[in-house]
Every structure is written in C-alpha cells, then in structure tokens.
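Colleague: show me the folded form of this:
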Amino acid sequence: MSKTATGSRSTTPEPYRWSNWAGNRSARPARVAAPSSAAELAEEVRRAAEDGLAVKAVGSGHSFSSIASSDGGLLVLPDRLTALRSVDRAAGTVTVESGMTLERLNVLLEAAGLSLTNMGDVMAQTVAGAIGTGTHGTGRDSGSLAAQVRALEIVLADGTVAACSPAEDPGLFEGARLGLGALGVVTAVTLAVEPLFLLAAHERPMRFDEVLEGFDDLAAVNEHFEFYWFPHTDRCTTKRNNRSQGPPAPLPRLRGWLDDEFLSNTVWEGACRVGRRFPAAVPAIAQVAGRAWSERRYTDVAYRVFTSPRRVRFTEMEYGVPRAAAVEVLRELRALVERSDWRIGFPVEVRTAPGDDVWLSTAYGRDTCYVAVHLYRGTAEQGYFAGVERIMTAHGGRPHWGKLHTRDAEYLSSVHPRLADFRALRDRVDPGRRFGNAHLRRVLGD
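Modeller: As a prediction, the model looks like this:
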C-alpha cells in the first residue's frame, strides 16, 4: 500500500484502495490517516465528523468479513500506534498500543520473561484487531484474548480519549473489550500476562471416529486440544499442548522448516492450486495430505507452540456451538460433505474454549466448541459455507465476528444474551454511528 504521511494524515495522489489478507474484501476510503498518538487520532475523528465521514480502523486485514470496510469514509491505519507503553510486573499486566502485532508483542514479552496465557495461531494480527473480533485460540481453562484484557484506551465519536476498565467506566469496558469497531477506535490495550512458560506439544494422526469417540477426554485431559479433519477422508491431525517444566526441546531447525514452511505452505499452496484447477483431484489430494503430517513432539516457549506461519491464503467461516453439541455437529458436518458433490480441499479445524463473561464473545456464558471451515482463495463456494451454516445455526451457533457468515441482528440477538446491552452502549457513545458501516448495520440492526 503506497501512501505519504503528513503528521497523522496519509494522503494519496490517486484513489486509495485497501484490501484484506484473503483478498475477498476491499474498500476505497475518501481519506486515510495513520496517527501516532491518541490525540492525533482524536483530531482526525473530529475532522471526519465535521466533514460527515464515517470512520473505520483496520488492523492487518485478517478478518474475512467486511467488518472493517470503509468506502467513502476515513480509514485509520495502525502503522504508527505500535509502542510498548508499560510493563507492570506486580499487577501482571502489559500495556501496548493497538497497532502492535501479536508477533512483535510476543517477542517483547519473551525478552521480559512474560507470556500471554493463550492466543490464536495467527501472529500477524494487531492487538486491537484480535480482541475486537474475538480471536480465541483453543483452551480447556483459558479463554480468548478479549478475556485477557484488563483496561482500554479508546477514541470515541466526539473525539474524547476515554480510559475504561472494571473500575473506570465499567460499562464502556464491558462492551469495548470485544467492540467490533462499533464503539470507537481503540488506541491502547492493557493485557494480563504471566511468567514465561513452556508448552509440550504432541501432534499425531488419528481416525475421525477415534477422535470423536475420545473427544470429551481429549478436551478435558489436555490444556489445549485441537484437531484438523481432512474432508473426503477419515484422517485427522490432532494437537495436544500442555505446560511443561522443561527443559526446552524445540523442533530441529530442518524439521521445523520442512513441516511448517515447506510442507504446510509451499507444497500445500501447490496442492491447493491443483485442486482449484482440477476439482476432481481434491479427494486424492486430501488422502495424501492426511497422511503427510506425521507424529511429532517438541517443547518450546508458549507462543512458538500456539502459533504457526499462515502463507496459503483462504476464506473462512467459523461458528462457536455449545460444547455439549460438538460431536453431533461434527458428525452432521461429515455426513453433509459425504452426501454432496462438493470438493473440499481445506481441512476443517476444531477447537474448544471455556465459557466467559465478555458481552459479545462467542463463548459468553457457555463452554464452546469452534468449528472452522475454509476454502482456498478463488475456489468456488459450491454451497459449502451455506450448508455448514445451516448445521451451526440449528444448534444455536454463534458466528465468529471476523469471519464469513450471513446472520443478521434478529438471529444474533437470539444467541447473544448481551447484544441488547451492547446496542444500548453504542447508542450512548456513538448515537450518530460515526463508526458504522453496512456490515455493522446488518449484525447490530441499525
């Protein structure tokens, strides 16, 4: 993205076009800003209000929905809001600016002997983008990044720079820690951290029925359990991550490169391209892929185990369903794929999370199983996502806020008990919908 910045403002000699990581969403804003402080951002928001422009902030573009799209408005880039503001060891917190990536945050935390308790598997996300859309990872006892937030700094629609926490403006805090970008632009986040720890990873292939028969035990015994099922096969790759006293035993450099870069990215990209060009080859490719990942064990710093490089681009739908419905949902999903003529080249990802108290969390008030389905970029949808969505909604599923879905405010109100509270908060802090867009009108109802 080419841009030239003057102060907090970024201007372009020709219309600016923003697109997300997957390439399925884009926007042409009227103006672009890259503020370096909350005060500069507040001024940009006030100017946008004077000019009648909507305001949307973007992160690194890892959302697949149009939650951050801003045609004709002010687009706020996070490029210069990347500072580490403070580390409070006594409180067990770290405060960082919203545009810092999780990758950079983890490096800084490791240097300080600290760690996040849990996180997703994509490190390219910005901190604000990750919490604002509900990034959750997998965990028996540890929840989403939003559940780890302890305080926020946010620029509101009137240009006010507000601070909020459970003690200071708790109502704003409850909504803003997973705010969808609908309440304002987050400029800094205080996150809970703990002393640096190691995870022992055990990854091994299993049969689909074997995983489902043992799913309750696998999810209960392991601190972090997830698995990938390869459609058109009975093959799964399972991942168990548990805390370890050490010593560290990371993957040998060559093995790590071979598995996580060459096979999982370079070779997988080629296989996906073949499958997109020749759909009839997809089941055979899936059979080979399901056997390509062999058993391995290693022990490393937590974030190196939680995360993995994602260079093959795709689109994704993910739903959180009640934990008790997980096995039934997965059996229905497999049956749906088997009776269809679809050719699904990407594995289905399954994770778990404990219930939490974050208003718009997909795990609010209930233990949750997450089921994510993917399609390689440019692949015809074939009705796959629509079919999966019917299964998920039949079980009261909650769609991931940053991923593809077709649900509207009527449905979302039926599965999110605190959505009315969130809407009332939005009426208070952004009555003119300065931070609105078409996507938010659909999911929030106005």
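
Colleague: wait, residue 34 sits on residue 82?
Modeller: No: applying Cβ atoms under 8 Å as the test, residue 34 and residue 82 come out as separate, 10.7 Å apart. Yep, even glycine has a C-beta here, placed from its N, CA and C like the rest.

Colleague: helix, strand or coil for the closest residue to residue 98 other than its chain neighbours?
Modeller: Here the nearest residue to residue 98 in space, its sequence neighbours aside, is residue 128; by Cβ to Cβ, 6 or more residues apart in numbering that works out to 3.5 Å. With DSSP: H, G, I helix; E, B strand; the rest coil as the basis, residue 128 sits in helix.

Colleague: state the number of residues packed around residue 128.
Modeller: If you count neighbours by other Cβ atoms under 10 Å, residue 128 ends up with 27.

Colleague: try the one 3 residues further on
Modeller: The tally of other residues near residue 131 (other Cβ under 10 Å) stands at 26.

Colleague: before we move on, which element is it in?
Modeller: helix 127-133 (DSSP states H and E).

Colleague: same for that helix, what does it pack against?
Modeller: helix 102-111, strand 185-192 (3 or more Cβ pairs under 8 Å, 6 or more residues apart in numbering; DSSP states H and E).

Colleague: any low-confidence regions in this protein?
Modeller: 1-14 (pLDDT under 70).

Colleague: still on that earlier bit, and residue 34 and residue 82? which has more neighbours close in?
Modeller: Remark: of residue 34 and residue 82, residue 34 carries more neighbours, 21 against 17, as counted by other Cβ under 10 Å.

Colleague: with adjacent residues omitted, what lies nearest to that one?
Modeller: residue 77 (4.4 Å).

Colleague: pretty sure that neighbour is touching residue 29, no?
Modeller: No: contact criterion Cβ under 8 Å: residue 77 and residue 29 do not qualify, at 10.0 Å.

Colleague: per-domain residue ranges of this protein.
Modeller: Following automatic domain parsing, one finds the domains of the chain at 84-195, 198-408.

Colleague: between the ones you listed, which gets nearest to residue 20?
Modeller: Nearest of these to residue 20, taken as Cβ to Cβ: domain 198-408 at 9.8 Å.

Colleague: strands of the stretch 51-200 of the chain, start to end?
Modeller: Ranges of strands in the stretch 51-200 of the chain, per DSSP state E, counting those that start in this stretch, are 55-57, 74-76, 84-88, 93-97, 114-115, 149-155, 161-164, 185-192, 194-195, 198-207.

Colleague: select, out of those strands, the one closest to residue 229.
Modeller: With Cβ to Cβ as the criterion, residue 229 lies closest to strand 198-207 of the strands of the stretch 51-200 of the chain, at 9.8 Å.

Colleague: what lies in contact with the very next helix or strand once past the closest one?
Modeller: Downstream of strand 198-207, the first helix or strand assigned by DSSP H and E is helix 208-213. Identification of contacts with helix 208-213 by Cβ atoms under 8 Å, 6 or more residues apart in numbering yields 218, 227, 229, 233-236, 238, 327, 330-331, 334.

Colleague: can you tell me which of the residues you listed end up in helices?
Modeller: 218, 327, 330-331, 334 (DSSP state H).

Colleague: could you measure from the nearest residue to residue 432 once chain neighbours are set aside over to residue 430?
Modeller: Of all residues not flanking residue 432 in the chain, residue 157 sits nearest, at 6.3 Å (Cβ to Cβ, 6+ apart). As for residue 157, its distance to residue 430 is 4 Å (criterion: Cβ to Cβ, to the nearest Å).

Colleague: quick check: neighbours shared by these two?
Modeller: Jointly contacting residue 157 and residue 430 under the rule Cβ under 8 Å, 6+ apart are residue 184.
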